[in-house]
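Enquirer: Okay, here's the prediction I keep looking at, along with the sequence it came from:
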Amino acid sequence: MLEVRDLSIEFGRAANPLRVVDGVSFDVRPAEAFGIVGESGSGKSMTALALLGLLPYPGRIAGGSIRFEGEEWVGLSERALRRLRGAKVAMIFQEPLTALNPAMTVGDQIAEAAQIHRRLRRRESAAEAVRLLRLVEIPAAERRAQDYPHELSGGMRQRVMIAIALACQPRLLLADEPTTALDVTVQAQIMDLLRELRRELGLAVVLISHDLGLVAEFADRVAVMYAGRIVEEAPAGEAFGRPAHPYTAGLIGAIPTLEGPIGALRTIPGVIPTPHELPHGCRFAPRCARRTPLCENGEPALVPLGDRRAACLRPLLEAAA
Amino acid sequence: MACSIRRFAPVPLDAINPRGATTSPGAALARWRAALAPFLANRSVVLGGSVFLLVLLVALLAPAIAPHAPDANNFRYRLGEPSAEYIFGTDHYGRDILSRVLYGMRLSLLVGAGVALLSGATGLLIGAVSGYFDRLDGPLMRGMDAMMAFPGTLLAIALAAVLGPTALNAAIALSVIYTPRTARVVRASVLTVRRHDYVEAARALGAGHLRILVRHILRNAMAPFLVQITFVFAVAILGEAVLSFIGIGPQPPTPSLGNIISDGRAYIEDAPWVSLLPGLVIFVIVFALNMLGDGLRDVTDPRMTVEPR
């Protein structure tokens, strides 16, 4: 359904660009839950914004292709993109309070979203707003529709955001850290809701998060991003059960466990490089325990490795074949 | 926690009123009251607002409360001192000052309101467009800067002189000179509001420029604009007085606060009461509006509040 090929995103002047996303490729199949995991600065949010043509100035797509249901989106005019945004691919944002208009009731905001791509009359869209509020399991939907965002709790606001995103019946939902601003119990409820919606509506979801546990539970497949590149892509269980890339393994190792002795938290030494100072060769090499002199010669390509793809010269697991 | 589309089949339209409401009017009232509470708790808003409302009421009721017709002369009592019949005295045609001031307030307030609306509308349009469309920002704002580089009063005098001395033309001239300031205020708040996530969210839904600008940005950029409009109302009343005083505002015998003061100018030593009352009324109106504007700004933008001494 969604095919991203060699997507690169640059900031700054054309003469001296900063490449924050470099040659990213992945597919999302219909009704699939696809996870993108990475630290802050790994380029995951920029990738999501680029899909909708919403890169903040002066960011731009420097190359590659984004095809949705066979149609190329890179290079489309703003006007053409506007017809696709929300209608085909909708996005839910991280912070539900600031992503809702404080001066409109939530019912009006959902109704407005419904009017953008669907020729609904005012009455119909108001009824649709209430229906969507019920769909995202907000109790007393008629009454809540009259509330302003500040009158709702964080979890309710995120439900409203989801209702707004669903208002134009998109085929793919981009969820950029949808639960980061919420507390853990509410987070679980929102993820349950997304799971239900996916099942009921046949919706594909791209979940972007730094939270491995969240992605592991939710996604069918995950891509792990590091410094603007995908370093590993695998079925979710595989990626977290038997990571192939040392970076993925490091991330998993850094999760504190409930069992075993209490020790210092395990970390990956060093910090993620900024786009100005990318190391030569493999971007992860300076922090990698398994590096060899060869790793500094060139960037390893993302190559198939059994049922997954990994960009490493010495993956933790040898190809099954 | 189960969710089923089938269970939540579309609600029949007639089951819901247009706003999807089942709330009682009492709840709506309570919400209004809650929204107004911070304004009613502000002393400047309450005092300035009530004085201004009183002024409006008096002006509206002028025909009922004026003791004389505004243009009725009493030639036996010209430049008459304040007396029982003419509480604030008479002018050089023997007309009752109080009655003329009451009618003059109507015209001055009308000019003030007209300028507030007209320069408000153009300022809102120019400010919104230049705050939102980066490419138009430079040209529009340089244009506004050029207008602000002229001394405002001189520009208004020139415009009013070209257009001809009527109340409407005075209002147009004053609107022209007050537009740039309003445009700047609107532009500044549009620039702030457009960075918010909900603007990005609306864009991500495929909303067009007009929808984003009007429903998401301007709706949240109104407070500084309304404050500014209150101040424009006040300075426009002063501006009208200036234009009338030098004879290019609304022409006698139609009374405006400015031209009554102007009438009294020649007799200021023998009959100071002619100019005194309209001057005081202008002072009260402008003071009340400034107070109201200050109060509104304090309530809507807490960062500007000066701690009470």
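Expert: Alright, I've got the coordinates.
Enquirer: Let's verify A:Leu97: helix, strand, or coil?
Expert: Counting by DSSP: H, G, I helix; E, B strand; the rest coil, the backbone at A:Leu97 sits in coil.
Enquirer: Distance-wise, check it relative to chain B.
Expert: Separation of A:Leu97 from chain B (CB to the nearest CB, to the nearest Å): 9 Å. Glycine gets a C-beta too; all of them are placed from N, C-alpha and C.
Enquirer: Number of residues surrounding that residue?
Expert: 16 (other CB atoms under 10 Å in any protein chain shown).
Enquirer: B:Ala28: what secondary structure?
Expert: At B:Ala28 the chain is in helix, as set by three-state DSSP.
Enquirer: hey, which helix is longest across the chain?
Expert: I'll assume chain A. helix A:184-201 (DSSP state H).
Enquirer: was after chain B, sorry
Expert: helix B:97-132.
Enquirer: where does the stretch 151-300 of chain A come near chain B, residue by residue?
Expert: Where proximity means CB under 8 Å from any CB of the partner chain, the interface of the stretch 151-300 of chain A facing chain B comprises A:161, A:164-165, A:167-168, A:189, A:192-193, A:196-197, A:200-201.
Enquirer: and with 10 Å instead?
Expert: Proximity of the stretch 151-300 of chain A to chain B, by CB under 10 Å from any CB of the partner chain, involves residues A:151, A:161, A:164-165, A:167-168, A:170, A:174, A:188-189, A:192-193, A:195-197, A:199-201.
Enquirer: What ranges does the stretch 1-150 of chain B have for its helices?
Expert: B:25-40, B:43-60, B:62-65, B:97-132, B:134-149 (DSSP state H, counting those that start in this stretch).
Enquirer: Now A:Asp6, what are its backbone angles?
Expert: Dihedral pair for A:Asp6: phi 50, psi 40, per degrees, to the nearest 10.
Enquirer: ok, how many other residues are close to the closest residue to it other than its chain neighbours?
Expert: Counting by CB to CB, 6 or more residues apart in numbering or on different chains, A:Asp6 lies nearest to A:Gly64, which is 3.9 Å off, once chain neighbours are set aside. By other CB under 10 Å, 18 other residues sit near A:Gly64.
Enquirer: most centrally placed residue in the chain?
Expert: Looking at chain A here, since you left the chain open. A:Ile208 (2.4 Å; CA atoms, centre = their mean).
Enquirer: that's the wrong chain, I meant chain B
Expert: In chain B, the residue lying closest to the centroid (CA atoms, centre = their mean) is B:Phe233, at 3.3 Å.
Enquirer: Just confirm yes or no for the helix or strand where that one lies near chain A.
Expert: Assigned by DSSP states H and E, B:Phe233 belongs to helix B:222-245. Yes: part of helix B:222-245 sits near chain A under the criterion CB under 10 Å from any CB, namely B:Met222.
Enquirer: Next, the angle from that helix to helix B:43-60.
Expert: With axes from the mean of the first three to the mean of the last three CA atoms, to 10 degrees defining the directions, helix B:222-245 sits at 50 degrees from helix B:43-60.
Enquirer: starting at the chain centroid, how far to helix B:222-245?
Expert: Chain-centre distance of helix B:222-245: 6 Å, with CA atoms, centre = their mean, to the nearest Å.
Enquirer: next helix or strand past it?
Expert: The helix or strand immediately downstream of helix B:222-245 is helix B:257-264, counting by DSSP H and E.
Enquirer: thinking again about what came up before, could you dump the helices of the stretch 1-150 of chain B to JSON lines with mean pLDDT and mean neighbour count?
Expert: Written out in JSON lines, the entries for the helices of the stretch 1-150 of chain B read as follows (pLDDT from 0 to 100; neighbours: other CB atoms under 10 Å in any protein chain shown):
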{"stretch": "helix B:25-40", "mean pLDDT": "80", "mean neighbour count": "11"}
{"stretch": "helix B:43-60", "mean pLDDT": "93", "mean neighbour count": "16"}
{"stretch": "helix B:62-65", "mean pLDDT": "87", "mean neighbour count": "12"}
{"stretch": "helix B:97-132", "mean pLDDT": "94", "mean neighbour count": "23"}
{"stretch": "helix B:134-149", "mean pLDDT": "92", "mean neighbour count": "13"}
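Enquirer: any chance of those in TSV, plus distance to B:Ala72?
Expert: Shown next, in TSV, are the helices of the stretch 1-150 of chain B (distance: least, CB to CB, whole Å):
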stretch	distance to B:Ala72
helix B:25-40	42
helix B:43-60	19
helix B:62-65	13
helix B:97-132	8
helix B:134-149	43
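Enquirer: returning to what we had before: report the secondary structure state of the residue nearest to the centre of chain A.
Expert: Classified using three-state DSSP, A:Ile208 is strand.
Enquirer: Distance of it relative to B:Gly112?
Expert: For A:Ile208, the distance to B:Gly112 (CB to CB, to the nearest Å) stands at 54 Å.
Enquirer: With B:Thr166 instead?
Expert: 16 Å.
Enquirer: just B:Pro82 next, same as before
Expert: The gap separating B:Pro82 from B:Gly112 is 27 Å, by CB to CB.
Enquirer: Next up, the contacts around the residue nearest to A:Asp6.
Expert: Contacts here follow CB atoms under 10 Å, 6 or more residues apart in numbering or on different chains; on that basis A:Gly64 touches A:4-9, A:21-25, A:50, A:74.
Enquirer: rerun that using 7 Å as the cut-off
Expert: Contact analysis of A:Gly64 by CB atoms under 7 Å, 6 or more residues apart in numbering or on different chains lists A:5-8, A:74.
Enquirer: Among those, which ones are in strands?
Expert: Here DSSP state E is the test, and the contacts of A:Gly64 give A:5-8 as lying in strands.
Enquirer: Around chain B, pick out the residues from the stretch 1-150 of chain A.
Expert: Residues of the stretch 1-150 of chain A found near chain B (CB under 7 Å from any CB of the partner chain) are A:52, A:54, A:82-83, A:85-87, A:90-91, A:93, A:95, A:98-103, A:107, A:112-113, A:116-117, A:122-124, A:126-127, A:129-131, A:134-135, A:137, A:142-143, A:145-146.
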